[in-house]
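Chemist: Need coordinates for the following:
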Amino acid sequence: MYGYCVGVIGIDPEYFLDEMSQDEVGAIMRAKSESDKTTWEQTRLICFYSTKGFKRPADLFAFNWERKVAEIKKQTREELQARVDKLNKNGKKRGISRGQN
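Modeler: Coordinates of the predicted model:
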């Protein structure tokens, strides 16, 4: 964090070490991240209008903050138990002991 805040953002090293709270560091890092996103989105928009071959800017290139996060399927107790049983069975085949009697 020190290197990012002092080197990239430009915060005074003494201020960072002696006076900043963790909340301030987090807030500054989030603000810098948002600023970077804005800069990259502006760059993409300029490229988009320069090429004029795409339907929308995200078709030109997508950023990691635009990707959808896959939903995790909630498993039932029976599905979890079946998975544990399968792992235990495979472990026994390989000679791996889980400390169970």
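Chemist: okay, CA-based contacts and neighbour counts for the rest of this
Modeler: Will do.
Chemist: ok, residue 65 - how many residues close by?
Modeler: Neighbours of residue 65 under the rule other CA atoms under 10 Å: 8.
Chemist: Next, residue 78: secondary structure please.
Modeler: helix (DSSP: H, G, I helix; E, B strand; the rest coil).
Chemist: Just give the closest residue to residue 45, not the sequence neighbours.
Modeler: The spatially closest residue to residue 45, leaving aside those adjacent along the chain, is residue 57, at 6.1 Å (CA to CA, 6 or more residues apart in numbering).
Chemist: Any idea how many residues pack against that neighbour?
Modeler: Number of residues near residue 57 (other CA under 10 Å) recorded here: 17.
Chemist: And the helix ranked longest in the chain, what does it pack against?
Modeler: Counting residues, the longest helix in the chain under DSSP state H turns out to be helix 22-51. With contacts defined as 3 or more CA pairs under 8 Å, 6 or more residues apart in numbering; DSSP states H and E, helix 22-51 has these neighbours: helix 57-60.
Chemist: hmm, who's touching the helix it packs on?
Modeler: Helix 57-60 has contacts (CA atoms under 8 Å, 6 or more residues apart in numbering) with 44, 45, 48, 54.
Chemist: Give me the PyMOL select line for those residues, limited to the buried ones.
Modeler: This is how PyMOL selects the buried members of these, with burial counted by 16 or more other CA atoms under 10 Å:
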select buried, resi 44+45+48
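Chemist: okay, stretch 34-45 in PDB with CA atoms only?
Modeler: This file holds the C-alpha atoms of stretch 34-45, laid out as PDB (Å, rounded to 0.1, in the frame of the first residue of the first chain):
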ATOM      1  CA  GLU A  34     -12.500   5.200  -9.900                       C
ATOM      2  CA  SER A  35     -10.300   7.900 -11.500                       C
ATOM      3  CA  ASP A  36      -8.400   5.300 -13.500                       C
ATOM      4  CA  LYS A  37     -11.600   3.700 -14.700                       C
ATOM      5  CA  THR A  38     -12.800   7.100 -15.900                       C
ATOM      6  CA  THR A  39      -9.600   7.600 -17.800                       C
ATOM      7  CA  TRP A  40      -9.700   4.200 -19.400                       C
ATOM      8  CA  GLU A  41     -13.300   4.700 -20.400                       C
ATOM      9  CA  GLN A  42     -12.500   8.000 -22.000                       C
ATOM     10  CA  THR A  43      -9.700   6.400 -23.900                       C
ATOM     11  CA  ARG A  44     -12.000   3.600 -25.100                       C
ATOM     12  CA  LEU A  45     -14.600   6.100 -26.200                       C
END
